[in-house]
Structure formats: structure tokens, C-alpha cells
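K.L.:
Sharing a model prediction with you, sequence too.
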Amino acid sequence: MFDVMNCEEIGMTLTESLAMNPAASVSGFYFANPESDYFNVGKIGEDQLESLSKYTGRSVELLRKSMAWG
């Protein structure tokens, strides 16, 4: 895909681990289907927030602030 789009001409490259550089680069294939269904997964529950806090080692307060918890 990078070769077809001539990404190196605009300074976009791939790292050894195939991450895009610069980090703000975004690229992808998008497929559409008129029969597709989109759905809302809902808000994160308090139990999920606490679990994420334990998993990441970040405080619940920090996670709330970073997620703009309402």
C-alpha cells in the first residue's frame, strides 16, 4: 500500500515493527456495506474502571480525568 501511494514522497515511512512514522500518520482500507449495523457499546461501568486501574497501575482518579468521565 505504501508503494502504491508513494508515501515516502511525503515523508511517511514504516518502522521495523511496521508502525507508521510520523506517529500522526493514518492509513487504512475502509469497506462499506448498506446492510452494516452499527451499535453503541455503552458507557464504561465503575467495575470496568476499577479493573482498568488495577490492570494499568493507574489511579481511578487519573483514569476518570483522562477519559473525561462524566
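P.N.:
Thanks, I have the structure now. Residues are numbered from 1 along each chain as shown.
K.L.:
quick one, strands of the protein?
P.N.:
Under the criterion DSSP state E, the chain contains strands at 13-14, 20-21.
K.L.:
strand partners of the last one, parallel vs antiparallel please.
P.N.:
Right, strand 20-21. Strand 20-21 has its sheet partners listed here by DSSP bridges as strand 13-14 (antiparallel).
K.L.:
Off-centre distance for the strand it pairs with?
P.N.:
Mean-position distance between strand 13-14 and its chain equals 18 Å (CA atoms, centre = their mean, to the nearest Å).
K.L.:
Equivalent analysis for stretch 31-43, please.
P.N.:
Taking the mean of its C-alpha atoms, stretch 31-43 sits 17 Å from the chain's own mean (CA atoms, centre = their mean).
K.L.:
tell me which residues in the lowest-mean-pLDDT helix or strand in the chain are buried?
P.N.:
The least trusted helix or strand in the chain, going by mean pLDDT, DSSP states H and E, turns out to be helix 2-5, with a mean of 81. Within helix 2-5, no residue counts as buried by 16 or more other CB atoms under 10 Å. (Glycine included, C-beta is placed from N, CA and C.)
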